[in-house]
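Novice: Pasting a predicted model and its sequence here:
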Amino acid sequence: VRRDPVIAPAVVLIWGAVALFVLYPLGRLLLLTFWNGGPSLDAVRGLLGDWTHRAALVNSLLLAALVGIAGTVLGFAFALLAVRANLPRWFGRALDAVVLLPLISPPFTAAIALIFALGPRGLISYHVFGLTRVNIYGLWGTLLSETLTYFPIAYLTLKAVLANVDANLEDSAFSLGARRWRVFRTVTLPLTTPGVANAFLLVSAASLADFATPLILGGTRFPVLPTQAFLQITGLYDMRGGAALCFLLLVPALAVFAGQRWFTERRGGSFVTVTGKVGAATRVKSLSPAAVLGLAVVCGLVVALVLVCYLLIFAASIVRGLGADNSLSLAHYGHVFSGGLKAVRDTLLIAVICMPVGGLFAVVLGFLVSRTEFPGRRALEFAAMMNYALPGTIVGIAYLVAFNDPPLALTGTAFILVVCYVFRYSLAGTRATSAVLAQIDPSIEEASASLGARRDVTFRRVVLPLIRPALLAGMTVLFIRAMTAISATIFLVSLSWSLVTVRILEGITNLELGQASAFSMLVILLVYLAVAVASLAMRRLNAGSLGQAGTLLGG
Amino acid sequence: MGNWLVTACVSLLLVAGLAGAAPAQTLNVYTAWPESLSQPIFRAYTAKTGVPINFIRLSTGELVARATAEKNNPRADVIWGAPGDGFAAAKEAGIIEPYRPPTWDRIPAELKDREAYFTAVAKNTLVFMSNAKLLKEKGLKPPTSWNDLLDPAYKGQIQTADARTSGTALTRILSIYYAFGKDEDKAFDYQKKLHQNVQVYTKSGGGCTIPAALGQALVCIAHMPDAMEAKKKGYDMVVTFPKEGVAAVIEAVALVKGAKNRDLATKFIDWTFSKDMQDLLDKNQVYMLPALPGATIEPGVQSLMKEARLLPVDLDWVGKNRKRLVERWVNEVIKE
C-alpha cells in the first residue's frame, strides 16, 4: 500500500475541484428540479404525460441505436480498408484527414451542408439526380447526418483494434486451410468484438447527447430529448421541466457510459494479442480483391459525400451570396478578421488557457486513479466523468444556475468557460494517462523511491516525462473541443466573452451564411493545424498509437 | 506533486478570471435582433454619448432563460429588441421593472404594457416570402391569402417557425386567429390543414429565409426584416401579405430589475423613444414600423406596408393565453 504525504493534498485538491465544478452545479440543478418547498416530483409528472416528450424518449433511444449500428458498420468498413487492404501509406493519411472533417468541424456545419447537398434543391439530389421530392427532415436526415458526423469515432477506435489483431493469427488460419469468410468470421471478428461493442457505445453516446443535428434536421416530426429540453427551457420558459428532461436523458447516457467502460476494461484482460513478439507478416491477405473493391466503393462514396458537403461550405464562404450572387469575394473573411476578430481572439485565448490547466488536471487525475489507493477513488473517477457523460445543455444550465450569485459569481467571465471545458473535456487526457501508466512498470517509480526521491520528485522527474504523450493528447483534445463546442457554452458566453461557435450559430440563423461558413473554415483550419502539430510532437515523443490525433477523439 | 502544481493552477485561473472583468460604465444589453439591425443603432448611441454598449444576441427564449437564471445578480441592464411575448414571460418571471420614458404617453396603448413593464420600439409584420424562380417553374402566383397556402401545389414546400422556440411562430398563430375572426377552433382547423403542406418548422423565426432563398422551400412565412434582408443580399424573393391580415406584433424594450447601471440604462431607453432614434429605424432600413408617432417612414416601406392589413393585438390576452396556444399547437397541429 502506498501511503505518501504528497498524495493526500493532491487528492484533496482534485476532489475539491470536482466537487465544486461538477457536483455542486448538478446538485443545484437537482434542487431546482425536485425541490419545491419540499421534495417534489411535479416537474417530472407532467412531462411523461406529454406526447412529444414520450416520443422524444423513444426517438432518442431509437436514433442512438441506429446511429450506433450504422456508424459502427461504416467505421468497420473504413478500418478494414485502412488496415487490411495493403493500401499505400499516403492513402491512409488522406483517408484519416477527410474522415476527421465532420468530427472536428463546428456543430451545425455538417447538418447545414447536408441540406445543401441532399435537400429538395440539393446539389446532389436535385442538380445531379433531378429528384424533387426529397425529404431530408426527420429520422432519415438526422440519422444520415449523425452517422456521417460520428462514424469517424468508430473508425478510429476500430482501426486501432484491428491493427492490434496480429495478422499472423489470420495467417495461421489460412495455412490450416480456412477460407477468407471463415477466417473473418471465426478469427478477426471474435477478436474485435469488444472493440466493436466499444465503438457502438461510443457512437451511441455521441448521438444521445447531440443537440445541434436534430435541432436543424429533426423538425417537429422527430423530436429527441436534448432538443426537447432546450425547447422546454428556451421556448416554454420552463427551466424546471427542461432540467427534468435532461435528468431523463441521464439514465440511458450513464447506462451507455457504464457499458462502454465495462467493455474497455474487459478488453485489457482476455483479448490480449499484442505480445511484443510479433513476427512480420509478409502480406496481409485476409481480404479478397473483390472485397477490397466493394469496401473501396462504399468508403469512396461516403468520402465523396463528406467532401461535397465541405466544398459547399467552402464555396459559401468565398462567394458574395451563395445561389444569388456567385461572384468570388473575400468579404466574409474580411468580416471574420474585423467584426469577428474579437470572437476569434476570445476563443483562441480560452482554448490556450484550457490546455495547460486541463492537461494538468487530466494527468494528475489519471495518475491518482490508476496508481494510488485512497478511499473514494472509484467515486472520484465517476464524479470526474459526469460532466462529460451529461448532455451539454444540462451542464450549461447547471453552471448558469450555480455560478451566478456571490460568492461564486463567475458568469460573465472567461473563467467559467475555461472551467466548463476543463471539467467536461479532460476525460480523454485522463484515459490516455491511465493507458500509458498501464504500460509502465511500477518498479521504475519504486527504483526512484528507493534511491531516496520524494514522491513529488518521482512524479516530476520519472512519471511526468513518461506520460508526456498523454498530457499532449489531453491538451490537444481540449483545444479541439474549446474551438468547436457549443451546447453547454451557449449559456455561458457573455457580454465580454464571445465564442466563434456562437457566431456561427448566429450566422446560420440570421441569413449570414457566408460569414458562418468563413468562421467554420477558419475553425477547421486551426483545428487541423493543432492536430498536425500534436501528431508531429507525438512522433518525436515516440508515442505510438496515441500519436494519431484521431485516437484521442475516439474517446 | 506539491506546491508547484497548486501555484500553476491558481495563477492560470486567476489570469483567466481577471481577464474576464468588464470595464466600468459600460451599458450591458441583451437583444434578440440580428447584429446587422441592432449594432448600427447601438453604435449611433455610443457615437452620440460616448457610452460603450456591450451586447449579446440571443434568441428570445434563451434570453429570458438566461436573464431568469441571473435574476439575483443581473448581468444585463436592458433587454432591447425582442418580441412582446418574451416580455410577457419576463414580466411573469419578475426580471424586468416598470419604466416610463418621457415620450411614453405618446406611444399608442396597443404598443405598450399597461403597467409600463415593457414598451414597443417598433411594430413588426409577418410576410409570405416566395422564391420567384420556383413560383415561375410551378406556374403559381405568389400567395395572397392564408387559404392560398392550402393548395396541394405547396405540399412540402412551406417552411415556417416552431411555436415553441420562436416569437415569429406566435405571430403566425395570432395572425391566423385574428384572420379567422378570433374563432380559435377554426384557426386551429386551418393550421392542421396548413401542417400538411409544411416541410419543416425551423427553430428560429428567420430560419426559413435561407432555405427559401436557395429554393429548398417555396414559401417561408417570417417577419418582414428577414425577407428584406434576403432581397438586399440579391436573392430573387417575392414578398406578399395575406389579404385577411396579419397580427401587428411588437418588438419591445425593458429595464432589467436590479440593473447594475440603472442610470445608463434609463438614459438609453429614453433615447430609444426619442425621434432621433426612431428615425434611425427607417434610415438603417430595419423594415419595422417605428412605435413613436411622427417618426420618419420611407415611402418605399410605406407603400409596401399599404398592402399589409395590420390587425391590432390585445397584449393582455396574448400574455394570458400564450402558453395555452403553444400547447394547443403542439398537441393538435403537429401531432400526427
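Specialist: That came through, no problem.

Novice: List the contacts of stretch B:294-308.
Specialist: Residues from elsewhere that reach stretch B:294-308 (Cβ atoms under 8 Å, 6 or more residues apart in numbering or on different chains): B:125, B:127, B:239-241, B:245-246, B:275, B:278-279, B:281-283, B:285, B:287, B:289-290. Heads up, the C-betas are built off the backbone N, CA and C, glycines and all.

Novice: quick one: which of those sit in helices?
Specialist: B:275, B:278-279, B:281-283 (DSSP state H).

Novice: List only those of those flagged as buried.
Specialist: B:278-279, B:281-282 (16 or more other Cβ atoms under 10 Å in any protein chain shown).

Novice: Out of those, which comes closest to chain A?
Specialist: B:Leu281 (17.9 Å; Cβ to the nearest Cβ).

Novice: which residues touch the closest one?
Specialist: B:41, B:121-122, B:288, B:290, B:295.

Novice: now the strands for chain B?
Specialist: B:27-31, B:53-57, B:78-83, B:96-97, B:119-124, B:126-131, B:158-161, B:198-202, B:219-223, B:237-240, B:246-247, B:249-256, B:289-290, B:310-311 (DSSP state E).

Novice: As TSV, these with distance to chain A and mean neighbour count would be great.
Specialist: Below are the strands of chain B laid out as TSV (distance: least, Cβ to the nearest Cβ, whole Å; neighbours: other Cβ atoms under 10 Å in any protein chain shown):
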stretch	distance to chain A	mean neighbour count
strand B:27-31	5	25
strand B:53-57	4	21
strand B:78-83	12	26
strand B:96-97	13	20
strand B:119-124	15	25
strand B:126-131	9	26
strand B:158-161	9	26
strand B:198-202	4	26
strand B:219-223	10	28
strand B:237-240	9	20
strand B:246-247	19	24
strand B:249-256	12	27
strand B:289-290	21	22
strand B:310-311	24	17
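
Novice: Quick one, which of those strands gets closest to A:Ala173.
Specialist: strand B:198-202 (51.3 Å; Cβ to Cβ).

Novice: what's the angle between the closest one and strand B:219-223?
Specialist: Following axes from the mean of the first three to the mean of the last three Cα atoms, to 10 degrees, one obtains 30 degrees for the angle between strand B:198-202 and strand B:219-223.

Novice: Strand B:198-202 pairs with which strands, parallel or anti?
Specialist: strand B:158-161 (parallel) (DSSP bridges).

Novice: Now do the partner strand, average pLDDT.
Specialist: In this model, strand B:158-161 carries a mean pLDDT of 93.

Novice: and for it, what are the contacting residues?
Specialist: B:149, B:168-169, B:172, B:194, B:197-205, B:207-208, B:211-212, B:216-222.

Novice: 6 Å - rerun?
Specialist: B:168-169, B:197-200, B:202, B:205, B:208, B:211, B:217, B:219-221 (Cβ atoms under 6 Å, 6 or more residues apart in numbering or on different chains).

Novice: Switch those over to a markdown table, and while doing so, append pLDDT to every line.
Specialist: A markdown table is the format used below for these (pLDDT from 0 to 100):
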| residue | pLDDT |
| --- | --- |
| B:Thr168 | 86 |
| B:Ala169 | 89 |
| B:Asn197 | 94 |
| B:Val198 | 94 |
| B:Gln199 | 91 |
| B:Val200 | 90 |
| B:Thr202 | 87 |
| B:Gly205 | 82 |
| B:Cys208 | 90 |
| B:Pro211 | 88 |
| B:Ala217 | 91 |
| B:Val219 | 96 |
| B:Cys220 | 95 |
| B:Ile221 | 95 |
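
Novice: Now for the residues you listed: which two are most distant?
Specialist: Farthest pair in these (Cβ to Cβ) is B:Asn197 and B:Gly205. Separation: 19.1 Å.

Novice: Those two - which one has more neighbours?
Specialist: B:Gly205 (30 against 18; other Cβ atoms under 10 Å in any protein chain shown).

Novice: Identify the spatial nearest neighbour of the more buried one, chain neighbours not counted.
Specialist: Take B:Gly205 and drop its neighbours on the chain: the residue closest to it by Cβ to Cβ, 6 or more residues apart in numbering or on different chains is B:Thr168, 2.9 Å away.
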